[in-house]
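*Asks:* Sequence isn't available, so here's the structure alone:
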Ligand SMILES: C[S@@+](CC[C@H](N)C(=O)[O-])C[C@H]1O[C@@H](n2cnc3c(N)ncnc32)[C@H](O)[C@@H]1O
């Protein structure tokens, strides 16, 4: 394959053909980049065997964001699912005593960091050293020139790798500021060794791209407590609403968190047999739709796929196969766009297929009874 020109896999997922998805072609990818280029998503010429791509044009630029240092802005309008950037880690380390959810083991990372840093070109070292760093009071008193790598890494690194035991620094994505109602989401894709940032809602040309640094199903005060470790007061749209809107938002997030926890034990495929069990499952199915509406109302796009899964499973438990199929497929599509091989994507594909089969069987039985 000549350099810079990529041929496309034009296969369309059979499930999408069957359901007539509007996002036809979403399962196809560029052999070389292994990811979809945003500009090709809706181009029918994809189906031409001669179609080739020359790589994705940059759809973002880094520039000052008032009150937030540097930020990343869209240079053209983006649709949900469009890739904003896909970046390998410039530095990747595997601290022996690191596990997800724990604080970074700073002592053990220092020597690993310097070893990795020393292998970089001068240009790349300068890129790393230009990144933002939040300093602890101790670090404020140290010699800035020789001690900045650890605070830079701590302020910008993300968890990466198949085992989620590695930490990586992505200098371009690191410029993305935080919002408690983000318009992008990021995922590490092990197969391509890149962290991929995608739009999760329509983004206008010139709009700032925001990600979240923290879990979002908390009230504003708790979120700010988590953000204090990054050393800034959040000025995102969710944190600067008037008091009444803030209280409503806090209430919605708390209800969403409680609903996800309450639904968890009921997310099985067993259909209740007793009258009471059935009544409860029907009530839960109605409540699951309210949960999905609440998540959408609060604009927490990172949680849409999870909420749609709850609606799908809750309707499978009352054998409403048409509704279960449609919500399972909605969840599948969102997961598919984020990472086609993730366990969540594969689970939702299997569930969609299973619900379609039950739906077909149901229709067949009904037609037999009627005929
Ligand atoms: C990972 S860096 C993001 C890029 C950074 N703005 C820069 O100039 O390189 C995180 C820092 O950006 C700033 N920041 C990010 N999100 C913010 C927000 N919602 N409100 C205020 N400052 C924010 C804070 O200074 C924070 O410590």
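*Replies:* Alright, I've got the coordinates. For clarity, every value in this text was computed on a predicted model and none was experimentally measured.

*Asks:* got the contact list for residue 294?
*Replies:* 252, 255, 256, 259 (C-beta atoms under 8 Å, 6 or more residues apart in numbering). Placement of C-beta: from N, CA and C, glycine included.

*Asks:* And residue 135, by the same measure?
*Replies:* So residue 135 contacts 151, 231 (C-beta under 8 Å, 6+ apart).

*Asks:* Might you specify the subset of the contacts of residue 294 located within strands?
*Replies:* Residues of these located in strands (DSSP state E): none.

*Asks:* Now render those as CSV, adding distance to the ligand and neighbour count.
*Replies:* Shown next, in CSV, are the contacts of residue 294 (distance: C-beta to the nearest ligand atom, whole Å; neighbours: other C-beta atoms under 10 Å):
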residue, distance to the ligand, neighbour count
252, 20, 17
255, 24, 16
256, 21, 22
259, 27, 20
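
*Asks:* can you confirm residue 132 is in a strand?
*Replies:* No - assignment of residue 132 by DSSP: H, G, I helix; E, B strand; the rest coil gives coil, placing it outside any strand.

*Asks:* right, and it touches residue 71 too?
*Replies:* No - the pair residue 132 / residue 71 is not scored as a contact, 10.7 Å apart, by C-beta atoms under 8 Å.

*Asks:* Between the two, which contacts overlap?
*Replies:* Counting by C-beta under 8 Å, 6+ apart, nothing touches both residue 132 and residue 71.

*Asks:* Roughly how far does whichever residue of the stretch 251-371 of the chain sits closest to the ligand sit from residue 334?
*Replies:* For the stretch 251-371 of the chain and the ligand, the shortest gap (C-beta to the nearest ligand atom) falls at residue 299, measuring 15.2 Å. Going from residue 299 to residue 334 by C-beta to C-beta, to the nearest Å gives 15 Å.

*Asks:* between these two, which one's more packed in?
*Replies:* Shown here are residue 299 and residue 334; by other C-beta atoms under 10 Å, residue 334 has more neighbours (23 against 20).

*Asks:* quick one: which helix or strand includes the more buried one?
*Replies:* Assigned by DSSP states H and E, residue 334 belongs to helix 321-338.

*Asks:* May I have the phi/psi pair for the most centrally placed residue in the chain?
*Replies:* Centroid-nearest residue in the chain, with C-alpha atoms, centre = their mean: residue 185, separated by 3.7 Å. Main-chain torsions, residue 185, degrees, to the nearest 10: phi -140, psi 150.
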